[in-house]
Every structure is written in structure tokens, then in C-alpha cells.
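Enquirer: let me see the structure of the following:
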Amino acid sequence: MTGRRFVLALDQGTTGSRAMVVDPEGAVRGSGYLQLPQHFPRPGWVEHDAEEIWDTTVGAIRRALAAARITAAEIAAIGITNQRETAMLWERASGRPVHRAIVWQCRRTAPLCERLKEEGTELIFRGKTGLVLDPYFSGTKIRWLLDEVPGARSRAARGELAFGTVDSWLLWKFTGGRLHVTDVSNASRTLLYDVRSGRWDGELLGIFGVPESMLPEIRSSSEVYGEVMLGLWSRRTVEPVASAPGGPLSSASMVSEAASSSCGPALAGPRASLRSPPASSCHSAIRLSFPSARAGPRLGRLGRARGDHW
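Expert: Residues are numbered from 1 along each chain as shown. Prediction:
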């Protein structure tokens, strides 16, 4: 161990998962990348396997740590940038996905969008979400999953299923199912979030037939989120580390792609500030505090850690 702390920046995208180890000066010390398979069951349909999203993320982390020649114990924060709108459902009890994730590119719900427009609902969506009715966004994908996956609607009504975009899925996995959350910038891309009230909207949920109980808790982009485990160690506090671009360092940040800032400079000190990168990216920055090793493991293993390595 070097005695220094680093940021682990994760970019989970449509075609692959990338991890980079960034030092306190903002230099990249190591990186890893794994391609993410895409599945095309029909023309115009695009899917991802949620477990492959997780596995490629963990694999990229292992490669990045190896390239940087550090252990996971030297990571002070994790920043997550993710593809937006991609929708998935999983079982709360087991964490198993009930269907492949429907990718933002998928056009399978175009007929549903046209029916809703004919019914005159588009103005409702525009007024509350600022979005147009389009298969691009998550809401119609959730409706499709509830309608087409056998038993999904009744299971969702009983509270057995959870919905999430990629940010929610990764946070669920990082915390062993203890966190089911999203932030406002990801929620705003679902067609279910009222941008004025800052809440899931009952009228919009009713149009799609989506139980609110299956949705993640919406949190701000700057707060303490919870706890994660890296390897077999004691618990770590999850608190994102960066505020809005150009602002002072705060305790937390989580924003969706195209509404983002890099969390790398956050380790520079309490006066560090951030600049938005030109490319669309987002960071859910997760700060990890490290109790004494003598405390021993208190939570379940995170991901597929082995010893003190991913």
C-alpha cells in the first residue's frame, strides 16, 4: 500500500464498462475496460444482460487496480457514470433480474407511445416532465416489462420487484441490496418524475400502471447515501464527494450523464472545485471511510472480491 488515496472512476456505457484509478493530482494511474455484449432479439429491439453490466464493471475495476498497482483499500471514492434511460427489473429478495434490461436505444414501445399520444396524454407528460412521449425514456419500458414478463405486474403490486436505471442497479449491487436509490437527474429521464414537485407523480404512474413501491427512492445529488463493502473488510460509509461544477467540495454527488461533473479533483482538498467535461458523462461519487481493520467485516462481501482485491 502506498499510503495515498485514489478515486475509482467508473464509466458504464452502452458498449462497455471502463474503470480508471485517478490520483489526488488528477492523473490517471491505471485503467481497465471490458466490452458489454448487446442483444438484438428483434429488429429495433436492444437489450443488455444486467448481470453482464455488473460483471463487466467488476472486471474493469480489477484491471484498473492491477494496472495502478494498488489495492481496493487505497480507494477513497468511487465515481459512477452511466448510460441513462436503460430500464431493468429485479427481484428484491434475490437480486436476480427478471428480464434483460431494455436499452435506451430500443424502439419496442413505439406503438404504446403512439396510442398514448392519440389519447391526448402527451401534453400531460410535457407539462410535468419536460419530455416528449418517446420509447427513448424509461417509463414505457417499465410498462412493457410489467405487461410482457409473466407474473411481473402482480409481483410488482406485491412489492416483490424493484425497478432501476443503471445507476440504481450498480448502487444496489455495490451495497448488497441495501440501497435502492436514484438521484433527481436520473429520475428526470423516466417520464414518471414531476420536475416541479420533485417527486414521482401519481398521475403519470397511473397512466403507465406502475406501482410507486417498485421505484427507487429519489435523493438529492449531494448527500450521504449509505454503506458499501469492498472485499471482505469492515463497512465503509457511502458519501459522494463532489458538489455542483465550480462549487466547493461537499459530502456527496450523483448526477446522470450529460448533467455531470468529474469527481476526480475532489481528493485535492476542501477547496477543490470541479469543471464539467465537454463529453456527456456523469458521476455518482461514493466516498468510503475506513474504520480500523481490527473491527473486522460487518457487512456481506461486495461484488466478487477476493481478499483485498476485486
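Enquirer: for residue 160, what are its contacts?
Expert: 91, 92, 93 (CB atoms under 8 Å, 6 or more residues apart in numbering). The C-beta positions use only the backbone N, C-alpha and C, and glycine is treated the same way.
Enquirer: and what of residue 106?
Expert: Contact analysis of residue 106 by CB under 8 Å, 6+ apart lists 44, 45, 46, 47, 135, 141.
Enquirer: could you do residue 8 as well?
Expert: 19, 20, 21, 22, 61, 64, 65, 75, 77, 78, 79.
Enquirer: again, only using 7 Å
Expert: By CB atoms under 7 Å, 6 or more residues apart in numbering, the residues touching residue 8 are 19, 21, 61, 64, 75, 78.
Enquirer: other SSEs contacting the helix or strand residue 124 falls within?
Expert: Assigned by DSSP states H and E, residue 124 belongs to helix 122-129. Using 3 or more CB pairs under 7 Å, 6 or more residues apart in numbering; DSSP states H and E as the contact criterion, the elements in contact with helix 122-129 are strand 193-194, helix 202-208.
Enquirer: and the first one, how far from the chain's centre?
Expert: For strand 193-194, the distance from its own C-alpha centre to the chain's C-alpha centre is 18 Å (CA atoms, centre = their mean, to the nearest Å).
Enquirer: tell me what it is packed against?
Expert: Judged by 3+ CB pairs under 7 Å, 6+ apart, strand 193-194 is in contact with helix 122-129.
Enquirer: the residue nearest to residue 96 when sequence neighbours are not counted: how many residues sit nearby?
Expert: Leaving aside its sequence neighbours, residue 96 sits nearest to residue 90 (CB to CB, 6 or more residues apart in numbering; 6.1 Å). Neighbourhood size, residue 90 [other CB atoms under 10 Å]: 24.
Enquirer: let's verify residue 90: helix, strand, or coil?
Expert: Assigned state for residue 90: strand (three-state reduction, DSSP: H, G, I helix; E, B strand; the rest coil).
Enquirer: where's it relative to residue 120, distance?
Expert: Look at residue 90 and residue 120: by CB to CB, to the nearest Å, they are 34 Å apart.
Enquirer: ok, now residue 206?
Expert: Going from residue 206 to residue 120 by CB to CB gives 15 Å.
Enquirer: spit out the contact partners of residue 110.
Expert: Applying CB under 7 Å, 6+ apart to residue 110 gives the contacts residue 135.
Enquirer: from here on, count from 697
Expert: In the new count, where the first residue is 697, that last one comes out as residue 806.
Enquirer: remind me which residues of the stretch 897-1006 of the chain are low pLDDT?
Expert: Along the stretch 897-1006 of the chain, segments meeting pLDDT under 70 span 918-920, 922-1006.
Enquirer: ok so, going back, mind giving me a markdown table with the contacts of residue 704 and columns for distance to residue 730?
Expert: Below are the contacts of residue 704 laid out as a markdown table (distance: CB to CB, whole Å):
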| residue | distance to residue 730 |
| --- | --- |
| 715 | 9 |
| 717 | 16 |
| 757 | 10 |
| 760 | 11 |
| 771 | 19 |
| 774 | 17 |
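Enquirer: model confidence over stretch 731-739, on average?
Expert: The average pLDDT within stretch 731-739 is 94.
Enquirer: from residue 829, how far off is the most centrally placed residue in the chain?
Expert: The residue lying closest to the centre of the chain (CA atoms, centre = their mean) is residue 863, at 0.6 Å. Using CB to CB, one gets 23 Å for the distance from residue 863 to residue 829.
Enquirer: is it possible to mark the buried ones in the contacts of residue 704?
Expert: Neighbour counting by 16 or more other CB atoms under 10 Å classes 715, 717, 757, 760, 771, 774 among those as buried.
Enquirer: tell me which element the last one falls in.
Expert: So the one you mean is residue 774. Going by DSSP H and E, residue 774 is part of strand 771-778.
Enquirer: just checking: what are the partner strands of that strand?
Expert: Partners of strand 771-778 in the sheet, by DSSP bridges, are strand 702-708 (parallel), strand 980-983 (antiparallel).
Enquirer: how far off centre is it?
Expert: For strand 771-778, the separation from the chain centroid amounts to 11 Å (computed by CA atoms, centre = their mean).
Enquirer: what's the answer for stretch 767-775, then?
Expert: Relative to its parent chain, stretch 767-775 has a centroid offset of 18 Å by CA atoms, centre = their mean.
Enquirer: any idea how far apart the tips of that stretch sit?
Expert: The first and final residues of stretch 767-775 sit 17 Å from each other (CA to CA, to the nearest Å).
Enquirer: in three-state terms, label residue 850 for me.
Expert: When classified by three-state DSSP, residue 850 comes out as helix.
Enquirer: that one: neighbour count?
Expert: Neighbourhood size, residue 850 [other CB under 10 Å]: 11.
Enquirer: ignoring the adjacent residues along the chain, who's closest to residue 771?
Expert: residue 704 (4.8 Å).
Enquirer: thank you kindly, that will do.
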